[in-house]
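**Q** What follows is a predicted protein model with its sequence.
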Amino acid sequence: MQAARSPMSLPFQTVDIEAEARSYKLRQRGAEDGGHNQPKSGSEEAARAEHEVIAAVADERERCLLHLCSHLRADRDALAQLQTAMDIAVMRQGAGETRTEFQAIRARYGDALKRLARTAEAATAEYDEFRARNRITRMAIHPSNRGFSLSLLAFLACMESVFNAVFFASGSDAGLLGGVVLAFAFSAVNISVGLINGWFPLRWMRHRGILLKALGLVASVALGCATLFLVAFIAHYRDASGASAADPLAVAYIALTTSPLRLASIESWFLLALGLLCAGVAVAKGYGLSDPYPGYGPADRRMTSAQQALEVRRHHLMDEATEARDAFTDEMRTTIESLRGASTQRKQILNARARNIAEFVAHEAHLANAAQQLLSIYRTANEEARFTPCPAHFGRAFAFRDAGLDRPDIRALREDQGLEVDAEGLIAELDRLRASVLEDYESLMHQNWAGTRA
């Protein structure tokens with residue numbers, strides 16, 4: 001029996017009819033049994049040799065069925081794993097969570113953006129109205145570095161204070177310290193008056209209003225005279241203090257009102273020139289701290305500041321929304337690539353399973369045909385040697401009692417309930433999910449916050 005089955009030991013291997021006939025000695029045994037008229041003519045019982053052939057063929061088919069069943073089970077497990085890879089429930093949930101995150105971002109930033117948008121809208125309207133009312137067509141002029149201008153004025157004040165202190169020290173009862181305090185006070189007043197003159201009345205002279213223009217002219221001339229009076233007073237004070245006058249302030253005032261241009265020392269002339277220079281620089285810097293037209297610079301700065309605040313807030317919203325969108329689209333891209341790969345593997349598995357099934361069906365038919373040929377060799381030899389009629393079953397063709405594929409366990413492994421996958425349909429659904437998320441994203445990005453009312 002073992003020797004007879006050995007040529008069939010590999011799955012789906014063709015049966016060598018002649019080798020099997022020699023292995024089972026079918027011709028010899030058929031002739032021997034026929035010579036004894038066995039099996040009897042009316043018997044339905046197969047001969048021993050027939051039983052051995054039928055049993056060997058049946059065992060071979062069972063072995064092939066076990067082999068097929070093992071492959072079908074492995075294919076089913078692989079399909080089940082691919083089913084997990086093709087499950088897009090996670091992406092459906094991810095799309096919902098991303099859209100919910102967009103709603104949360106809209107709620108988190110919405111009120112602030114509405115408020116900032118309305119502020120920017122009002123500031124822009126104010127700016128446009130100011131330009132139209134004052135017939136301004138140019139852009140506003142802003143200082144390149146206001147901090148530098150103020151620092152320069154502070155430096156000039158310190159420098160003037162140092163020179164004044166040195167020149168005042170000799171005539172001051174408090175010495176150098178008293179000269180420093182007095183010099184700093186004079187310098188601070190001088191620089192401040194020049195700065196105020198440039199910042200206010202000098203710029204008012206450019207206003208379209210006649211009254212404000214005239215007021216600016218008067219105020220500017222007045223502050224200019226005050227500056228000239230101050231620096232001249234400082235120079236005369238230097239002369240009075242250097243002459244050790246009992247009351248240098250009174251002496252300086254009398255000298256200023258009676259002979260303002262009569263100075264006793266070169267140091268006093270130097271202080272006069274230095275004071276006028278510092279005052280002139282202060283006027284120029286004060287004039288340049290904002291746009292020359294009064295009110296235009298602040299209106300432009302209010303509009304710019306409001307728009308920048310809105311843009312900063314919008315960029316925060318856009319950054320969070322873009323981060324959520326990118327996370328979803330990256331996961332979506334990975335899922336689609338996995339889905340396409342799983343679809344290809346599924347087709348390969350199904351094709352391999354179909355080939356195995358087809359090969360088994362062909363091999364099952366081959367085994368039935370091989371059994372029939374082996375039985376025919378035995379029966380022909382038996383019929384030629386016997387003297388009585390052959391049993392009736394000699395005339396019946398061999399056939400398996402059932403088809404191997406019809407067995408319940410094989411049929412269950414061949415069915416795909418729950419494992420059917422339409423990869424292209426899933427990809428189309430993923431594309432729809434992605435489109436819906438991107439639509440919400442674009443809606444969030446282009447929402448008109450200024451036109452929205454809470």
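**A** Noted; the coordinates are in hand. Residues are numbered from 1 along each chain as shown.
**Q** Every contact and neighbour count from this point should use C-alpha atoms.
**A** Will do.
**Q** Quick check: residue 21 vs residue 370, distance?
**A** 10 Å (C-alpha to C-alpha, to the nearest Å).
**Q** now do residue 377
**A** Residue 377 is 11 Å from residue 370, by C-alpha to C-alpha.
**Q** Likewise for residue 305?
**A** On the measure of C-alpha to C-alpha, residue 305 and residue 370 end up 95 Å apart.
**Q** ok, now residue 42?
**A** Relative to residue 370, and taking C-alpha to C-alpha, residue 42 is found at 26 Å.
**Q** what about those two, which has more around it?
**A** Neighbours per residue (other C-alpha atoms under 10 Å) separate residue 42 from residue 370, with residue 370 holding more: 21 against 11.
**Q** list the helices and strands the helix ranked longest in the chain packs on?
**A** Of all segments of type helix in the chain, defined using DSSP state H, the longest is helix 296-385. When contacts are defined as 3 or more C-alpha pairs under 8 Å, 6 or more residues apart in numbering; DSSP states H and E, helix 296-385 packs onto helix 17-24, helix 26-35, helix 48-85, helix 89-133, helix 423-445.
**Q** now for those, which one comes closest to residue 214?
**A** Among the helices and strands packed on helix 296-385, the nearest to residue 214 by C-alpha to C-alpha is helix 89-133 (19.5 Å).
**Q** quick check: mean pLDDT across that closest one?
**A** Averaged across helix 89-133, pLDDT comes to 90.
**Q** quick check: angle from that helix to helix 423-445?
**A** Going by axes from the mean of the first three to the mean of the last three C-alpha atoms, to 10 degrees, helix 89-133 is angled at 30 degrees with respect to helix 423-445.
**Q** starting at the chain centroid, how far to helix 89-133?
**A** Centroid separation between helix 89-133 and its chain, computed with C-alpha atoms, centre = their mean, to the nearest Å, is 19 Å.
**Q** what's the angle between that helix and helix 296-385?
**A** Going by the same axes, to 10 degrees, helix 89-133 makes 160 degrees with helix 296-385.
**Q** which helices and strands does helix 89-133 pack with?
**A** helix 296-385, helix 423-445.
**Q** would CSV of the ones you listed with distance to residue 56 and mean pLDDT be doable?
**A** Output for the helices and strands packed on helix 89-133, formatted as CSV (distance: least, C-alpha to C-alpha, whole Å; pLDDT from 0 to 100):
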stretch, distance to residue 56, mean pLDDT
helix 296-385, 9, 89
helix 423-445, 45, 85
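**Q** Buried deepest among these, which one?
**A** Ranked by mean neighbour count, the helices and strands packed on helix 89-133 are led by helix 296-385 with a mean of 18 (mean count of other C-alpha atoms under 10 Å).
**Q** can you list contacts of the next helix-or-strand element following that helix?
**A** Counting by DSSP states H and E, the next helix or strand C-terminal to helix 296-385 is helix 408-414. By C-alpha atoms under 8 Å, 6 or more residues apart in numbering, the residues outside helix 408-414 that reach it are 69, 72-73, 76, 404-405.
**Q** and helix 408-414, how far out from the chain's middle?
**A** 48 Å.
**Q** and it, what's its mean pLDDT?
**A** 85.
**Q** residues of it that come out buried?
**A** 410, 413-414 (16 or more other C-alpha atoms under 10 Å).
**Q** As a check, name the ranges of all strands in the stretch 151-300 of the chain.
**A** Ranges of strands within the stretch 151-300 of the chain: none, based on DSSP state E, counting those that start in this stretch.
**Q** Helices along that one, start to end?
**A** 175-199, 201-204, 210-242, 248-258, 266-287, 296-385 (DSSP state H, counting those that start in this stretch).
**Q** Using JSON lines, lay out the ones you listed together with distance to residue 426.
**A** Compiled in JSON lines, those are given as follows (distance: least, C-alpha to C-alpha, whole Å):
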{"stretch": "helix 175-199", "distance to residue 426": "71"}
{"stretch": "helix 201-204", "distance to residue 426": "71"}
{"stretch": "helix 210-242", "distance to residue 426": "75"}
{"stretch": "helix 248-258", "distance to residue 426": "97"}
{"stretch": "helix 266-287", "distance to residue 426": "70"}
{"stretch": "helix 296-385", "distance to residue 426": "8"}
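**Q** Among these, which comes closest to residue 126?
**A** Of these, nearest to residue 126 by C-alpha to C-alpha is helix 296-385, at 7.2 Å.
**Q** and the closest one with helix 17-24, angle?
**A** 60 degrees.
**Q** now helix 296-385 against helix 48-85, angle please.
**A** Using the same axes, to 10 degrees, helix 296-385 lies at 180 degrees relative to helix 48-85.
**Q** Between helix 26-35 and helix 296-385, find me the angle.
**A** Counting by the same axes, to 10 degrees, helix 296-385 lies at 40 degrees to helix 26-35.
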